[in-house]
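> What would the 3D arrangement of this be:
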Amino acid sequence: MRKTRIMPAVLLFIFAAAVPLFAQERLLEFDPAQTRVEFTLNDILHTVHGRFRLAQGSIRFDPATGKAGGLLVVDATSGESGSGARDRKMHKEILESQRFPEIRFVPIRVTGSMAPQGEWQYEVQGMFALHGSERALNMTGTVQISGDRFTGTAHFVVPYANWGVKNPSTFILRVSDKVEINITAAGRVTQ
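Purely as a prediction, here's the structure:
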């Protein structure tokens, strides 16, 4: 009889001790040197590919609740597409990057099967600030955690006119009203 009372108590203790290991808040600190922010913009004649530099980034989240915080900052002045004339127009007339030098994302909630180690898929909901305007935006991707390091990918689409960014279309050249963003990141994981 005594063994049957002790066993549930021992199991409850083990479970209670293990829960904090999985429920602790985690912090993903991005390494800007190992992070690529790439964009794709389609037009009638061809597809434009380019990149921006990550200035800083961290996302903290609670795996138990999904609540998130942190900040990703992209240097808007670093944008380049491989064409000097197109890049000058992008910075001066489209992004107005001297006036709005940062593109920011503030995570609010993370969902997905968040494992302490290994790979998992996620969705991050947050606020995206571009061109002086802020709107809700979701990004999806994968994260691979190994020890205290992580690598990951993210994908999202920005309907940039919603943020007040001018569409670069001309009478002859028709450009999509959405830009696709792909991020490949690496950094450190802490608890």
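> And for residue 158, the neighbour number?
A count of nearby residues for residue 158, using other Cβ atoms under 10 Å, gives 19. Any C-beta I mention is one placed from the backbone N, CA and C, and that applies to glycine too.
> Neighbours of the spatially closest residue to it that is not a sequence neighbour, how many?
Leaving out its chain neighbours, the residue that sits closest to residue 158 by Cβ to Cβ, 6 or more residues apart in numbering is residue 179, at 5.1 Å. Per other Cβ under 10 Å, the neighbour tally for residue 179 reads 18.
> ok, now which ones touch residue 179?
Residues near residue 179 by Cβ atoms under 8 Å, 6 or more residues apart in numbering: 39, 40, 41, 157, 158, 160.
> One more: residue 153?
Each residue near residue 153 by Cβ under 8 Å, 6+ apart is listed here: 141, 142, 182, 183, 184, 185.
> who does the helix or strand hosting the second one pair up with?
In other words, residue 142. For residue 142, the host element (DSSP states H and E) is strand 133-146. The pairing partners recorded for strand 133-146 under DSSP bridges are strand 118-130 (antiparallel), strand 149-158 (antiparallel).
> got the CA positions of the first one in PDB?
Put plainly, it is strand 118-130. What follows is strand 118-130, C-alpha atoms only, in PDB (Å, rounded to 0.1, in the frame of the first residue of the first chain):
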ATOM      1  CA  GLY A 118      16.600  19.500 -33.200                       C
ATOM      2  CA  GLU A 119      14.500  21.000 -35.900                       C
ATOM      3  CA  TRP A 120      11.000  22.500 -35.700                       C
ATOM      4  CA  GLN A 121       8.700  24.500 -37.800                       C
ATOM      5  CA  TYR A 122       7.300  27.800 -36.600                       C
ATOM      6  CA  GLU A 123       5.100  30.800 -37.300                       C
ATOM      7  CA  VAL A 124       5.900  34.100 -35.700                       C
ATOM      8  CA  GLN A 125       3.300  36.800 -35.500                       C
ATOM      9  CA  GLY A 126       4.500  40.400 -35.000                       C
ATOM     10  CA  MET A 127       4.600  44.000 -36.000                       C
ATOM     11  CA  PHE A 128       6.500  45.000 -39.100                       C
ATOM     12  CA  ALA A 129       7.700  48.600 -39.400                       C
ATOM     13  CA  LEU A 130       8.600  49.900 -42.900                       C
END
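> Distance-wise, check residue 153 relative to residue 163.
23 Å (Cβ to Cβ, to the nearest Å).
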